[in-house]
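**Q** dropping the sequence and predicted coords here.
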Amino acid sequence: MSADDPIRTEHHGDHVLIIRIDRPRRRNAFDGATAHALEAAIDAYENDDRLRCAVLTGSDVVFSAGQDLIAAARGDLATTGRRGGFGIMARPPDKPIIAAVEGHALAGGLELCLACDLVVSSRTATMGLPEAAKSLVALGGGLFRLPRRIPYHLAMELALTGKAWPATRFAELGLVNRLTEPGQALAGALELAEEVLAAAPLAVRASKQIVRHAYDWSDEEAWKKQRDPAGPVLASEDLQEGLRAFAEKRPAVWKGR
């Protein structure tokens with residue numbers, strides 16, 4: 001990585017990847033190069049069997065201000081061919097990813113959070129979809145994902161007014177899993193990642209896939225379709241290890257197979 005890389009990655013222990021948005025002069029807004037860099041980081045995460053959880057974060061000042069509008073004015077949109085908006089929105093990773101939010105998560109910044117599975121935020125952060133107030137439309141998934149995460153009328157209020165709300169309000173509504181003191185969102189997300197790591201990796205991955213489809217499948221479909229992601233788990237060595245560990249009253253040692 002060079003000093004100009006808009007996305008930086010680092011390993012935390014053996015199994016967690018920290019992905020950091022680093023465009024401070026543009027308030028971590030995304031252009032095409034940043035979207036492709038995030039897509040590459042997500043691909044690397046997916047393809048490394050040692051990595052079992054990722055944390056997406058920004059700076060202590062801003063998570064992300066969304067699409068870089070100056071770049072957009074010259075036709076440089078923050079999208080990729082495979083993973084879509086910001087290199088993640090249309091096709092998030094199959095493995096868990098946690099957003100760690102400080103400062104503003106606005107427009108595409110909030111949509112980045114909605115592309116993640118869990119959200120840890122500073123109490124002083126703010127989130128919102130300001131697009132309509134600027135004669136824009138939030139096309140990064142926010143308008144259909146947000147009503148699945150918080151009550152319909154409140155999602156509609158955010159969409160129609162363009163107002164930003166404090167993270168404490170989003171925590172009350174259930175969008176934010178955990179609140180931290182200012183400057184501690186990344187640490188809080190890493191603590192949550194450790195809890196994810198304590199569970200069996202194959203089961204975590206299968207569970208994520210089933211939960212992601214909860215709004216898409218009817219009950220009748222779900223009874224059948226959940227079998228596909230669950231099948232490899234039920235035939236795994238980790239299942240036998242989990243049962244032995246329970247019987248022997250000891251922590252399980254997962255192999256991911």
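**A** The structure has been received and is ready for your questions.

**Q** please count neighbours and contacts with C-alpha atoms only from this point.
**A** Fine.

**Q** burial of Arg50, as a residue count?
**A** Neighbours of Arg50 under the rule other Cα atoms under 10 Å: 14.

**Q** now it. Nearest residue, chain neighbours left out?
**A** For Arg50, ignoring the flanking residues on the chain, the nearest one in space by Cα to Cα, 6 or more residues apart in numbering is His15 at 5.6 Å.

**Q** would you say Ala99 is within a strand?
**A** Yes: under DSSP: H, G, I helix; E, B strand; the rest coil, Ala99 sits within a strand.

**Q** what's it in contact with, if anything?
**A** Counting by Cα atoms under 8 Å, 6 or more residues apart in numbering, Ala99 touches Val55, Leu56, Thr57, Leu112, Cys113, Cys116, Asp117, Leu118, Val119, Val120, Ser121, Ala189.

**Q** and stretch 45-60, how far out from the chain's middle?
**A** The chain centroid and the centroid of stretch 45-60 are separated by 10 Å, computed with Cα atoms, centre = their mean, to the nearest Å.

**Q** what comes into contact with that stretch?
**A** Everything outside stretch 45-60 that qualifies as a contact, by Cα under 8 Å, 6+ apart, is 14-22, 24, 28, 63-64, 93-103, 183, 186, 189-190, 193, 196-197, 201.

**Q** ends of that stretch, how far apart?
**A** Using Cα to Cα, to the nearest Å, the end-to-end distance of stretch 45-60 comes to 24 Å.

**Q** same question for stretch 115-126.
**A** Terminal residues of stretch 115-126 lie 17 Å apart, using Cα to Cα.

**Q** touching it from outside, list them.
**A** 88-89, 92, 96-106, 113, 141, 164-168, 175-186, 188-189.

**Q** show me which of the residues you listed are buried.
**A** Listed as buried from these are 88-89, 92, 96-106, 113, 141, 164-168, 175-180, 182-186, 188-189; burial here means 16 or more other Cα atoms under 10 Å.

**Q** in strands only, show me the residues you listed.
**A** Counting by DSSP state E, those place 97-101, 104-106, 164-166, 178-180 in strands.

**Q** could you pull out the buried residues of stretch 151-169?
**A** Ala155, Leu158, Ala159, Gly162, Lys163, Ala164, Trp165, Pro166, Ala167, Thr168.

**Q** before we move on, what about stretch 83-91?
**A** By neighbour count on 16+ other Cα under 10 Å, the buried set for stretch 83-91 is Arg83, Gly84, Gly85, Phe86, Gly87, Ile88, Met89, Ala90.

**Q** how near is Ala200 to Lys255?
**A** The gap separating Ala200 from Lys255 is 8 Å, by Cα to Cα.

**Q** please apply the same query to Met156.
**A** Taking Cα to Cα, one finds Met156 at 44 Å from Lys255.

**Q** quick one: the strands in the protein?
**A** With DSSP E as the criterion, the chain has strands at 7-12, 16-21, 53-57, 62-64, 79-80, 84-85, 97-101, 104-106, 118-122, 126-128, 164-166, 178-180.

**Q** how about the helices in the stretch 1-150 of the chain?
**A** 32-47, 69-73, 108-115, 142-149 (DSSP state H, counting those that start in this stretch).

**Q** highest mean neighbour count out of the ones you listed?
**A** Greatest average neighbour count among these goes to helix 108-115 (a mean of 26), per mean count of other Cα atoms under 10 Å.

**Q** and that one with strand 97-101, angle?
**A** 150 degrees (axes from the mean of the first three to the mean of the last three Cα atoms, to 10 degrees).

**Q** give me the mean pLDDT for helix 108-115.
**A** Mean per-residue pLDDT for helix 108-115: 98.

**Q** burial measure for the closest residue to Val253 other than its chain neighbours, as a count.
**A** Computed as Cα to Cα, 6+ apart, the closest residue to Val253 that is not its neighbour in sequence is Glu241, at 7.1 Å. Applying other Cα under 10 Å, we find 17 residues neighbouring Glu241.
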